[in-house]
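Undergrad: sharing a sequence plus its predicted fold:
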Amino acid sequence: MAERAAVGPPSPATDTSDVSFHLKPAAIEISTVHRRLAEMPAKLLSLFDTHCISRLDYVLAQITDSSALLKVIESKRLELDHYNRKMDDLKKQKEKGKKETNSFQQKFLRNEQKLQVAQAAYDSEVDKFVSVVTAIVDDGWKDLQIVLKRMLQFEHKYFEAFAVAVEPLVKAGNTLHELEGEH
């Protein structure tokens, strides 16, 4: 009865107070099975969530984070393209014989420096993305292998707990069978 109090009031399916004396042992056993089966999913699903779902969330987060890096790379690429176009325009102006004034030379140098900074920023983000994707590829299969192993362990524990939970049904069946012989 102490176990039942922790779970809450008895449900109609587990309340054995009004059961006749002869059927009470079977009712208690069946009630025990009912309670165990009702508690089992919550306990096991909590373990499943901790050991399987959370690991899948981790792998998925890595993949999602890598996708976010692609957005950063795209913005760096757009900036790099902008300065490449600017430098191409300035070089064309230079080739056409545009007078190289002091302000033109400063503009040319300033944009050349900005192009170098943009190229370095783009290369850095691409390198970061490549290392993240490499880690996902190198470790992802290991993570998924762990999840599969844990899922198999979960399945084993589930059926093991199920067997323990329904064990009293054998007793209840034997009790009912004995009562059948008496009548």
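TA: Good, I have the coordinates.
Undergrad: figure out how far the host helix or strand of Asn84 is from the centre of its chain.
TA: Per DSSP states H and E: Asn84 is located in helix 54-95. Distance of helix 54-95 from its chain centroid, counting by CA atoms, centre = their mean, to the nearest Å, is 27 Å.
Undergrad: any idea of the mean pLDDT for that helix?
TA: Here helix 54-95 scores 90 as its mean pLDDT.
Undergrad: the helices in the protein, which residues?
TA: 2-7, 24-48, 54-95, 102-182 (DSSP state H).
Undergrad: check the ones you listed for me and report the most buried one.
TA: helix 24-48 (a mean of 16; mean count of other CB atoms under 10 Å). Backbone N, C-alpha and C define where each C-beta goes, glycine included.
Undergrad: quick one: it to chain centroid distance?
TA: Per CA atoms, centre = their mean, the centroid offset for helix 24-48 relative to its chain is 29 Å.
Undergrad: how far away is Ser54 from Thr64?
TA: 15 Å (CB to CB, to the nearest Å).
Undergrad: nope, Val130 is what I meant
TA: 17 Å.
Undergrad: list phi and psi for Glu100.
TA: phi -90, psi 90 (degrees, to the nearest 10).
Undergrad: give me the neighbour count for it.
TA: Residues near Glu100, counting by other CB atoms under 10 Å, number 11.
Undergrad: now do it, the pLDDT please.
TA: Model confidence at Glu100, given as pLDDT, is 80.
Undergrad: surely it meets Lys94?
TA: Yes: between Glu100 and Lys94 a contact is recorded at 6.9 Å, counting by CB atoms under 8 Å.
Undergrad: next, the angle from the helix holding Asn84 to helix 102-182.
TA: Helix 54-95 runs at 160 degrees relative to helix 102-182, counting by axes from the mean of the first three to the mean of the last three CA atoms, to 10 degrees.
Undergrad: how far away is the residue most central in space within the chain from Gly140?
TA: By CA atoms, centre = their mean, the chain has its centre lying nearest to Asp57, at 1.5 Å. Per CB to CB, Asp57 is found 13 Å from Gly140.
Undergrad: gap between Leu45 and Val132?
TA: Distance of Leu45 to Val132, given as CB to CB: 32 Å.
Undergrad: sorry, slip of the keys, the one I care about is Asn174.
TA: 61 Å.
Undergrad: where does pLDDT dip in the chain?
TA: 1-24, 40, 183 (pLDDT under 70).
Undergrad: got the contact list for Val72?
TA: Neighbour list for Val72: Glu125 [criterion: CB atoms under 8 Å, 6 or more residues apart in numbering].
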